[in-house]
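This is a predicted model, with the sequence first.
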Amino acid sequence: QVQLAESGGGLVQAGGSLRLSCARSGGTANTMGWFRQAPGKKREFVARIAWNSGLTAYGDFVKGRFTISRDIAKSTLYLQMNSLTPEDTAAYYCAARRGAGFFTAAANYDYWGQGTQVTVSS
């Protein structure tokens, strides 16, 4: 059973940066991604990466501010977030997909972490 553990969230001022990490254990994944959910809103796709090839994709709102990456040897996923705004405030979730395919919908991911809170103050 794949387990995902996020870390790195916190409180940051607008314009600041944070780096989220997600450690994967217990199995492999073809694709991993980040999603976020703000109170009262639907879970939103942030970024995804094909684990072997490193091919990436981002949500439209990212606009070059975030970078998803992975360390294959450590089985760890990262999300570097720069130029943060209060609109980025949300719980950020790491997700993993076993099968092939490159998806943005949350329903296509098999495993989820518990989430890490990111709060951006104005």
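Ah, there it is. None of the values given here were measured: they were computed from a predicted structure. Numbering: from 1, shown residues only.

Could you use CA atoms for every contact and neighbour count after this?
OK.

Could you give the bridge partners of the most centrally placed residue in the chain?
Geometric centre of the chain, nearest residue: residue 34, 2.1 Å, by Cα atoms, centre = their mean. On the basis of DSSP bridges, residue 34 is bridged to residue 47, residue 94.

my guess is it meets residue 90, correct?
No: with contact defined as Cα atoms under 8 Å, residue 34 and residue 90 do not form a contacting pair (11.8 Å).

In contact with the closest residue in space to residue 31 that isn't next to it in sequence, which residues?
The shortest distance from residue 31 to any non-neighbouring residue, by Cα to Cα, 6 or more residues apart in numbering, is to residue 50 (4.5 Å). Going by Cα atoms under 8 Å, 6 or more residues apart in numbering, residue 50 touches 30, 31, 32, 56, 102.

PyMOL command for the buried members of those?
In PyMOL, a selection of the buried entries from the contacts of residue 50 looks like this (16 or more other Cα atoms under 10 Å):
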select buried, resi 30+31+32+56+102
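
now, which of the contacts of residue 50 lie within strands?
With DSSP state E as the criterion, strands contain 31, 32, 56 from among the contacts of residue 50.

list the contacts for the closest residue to the second one other than its chain neighbours?
Translated: residue 32. Of all residues not flanking residue 32 in the chain, residue 96 sits nearest, at 4.4 Å (Cα to Cα, 6+ apart). Residue 96 sits next to 29, 30, 31, 32, 33, 109, 110, 111, 112 when contact means Cα under 8 Å, 6+ apart.

what's the farthest-apart pair in these?
Farthest-apart pair in the contacts of residue 96 is 30 and 112; separation 14.1 Å (Cα to Cα).
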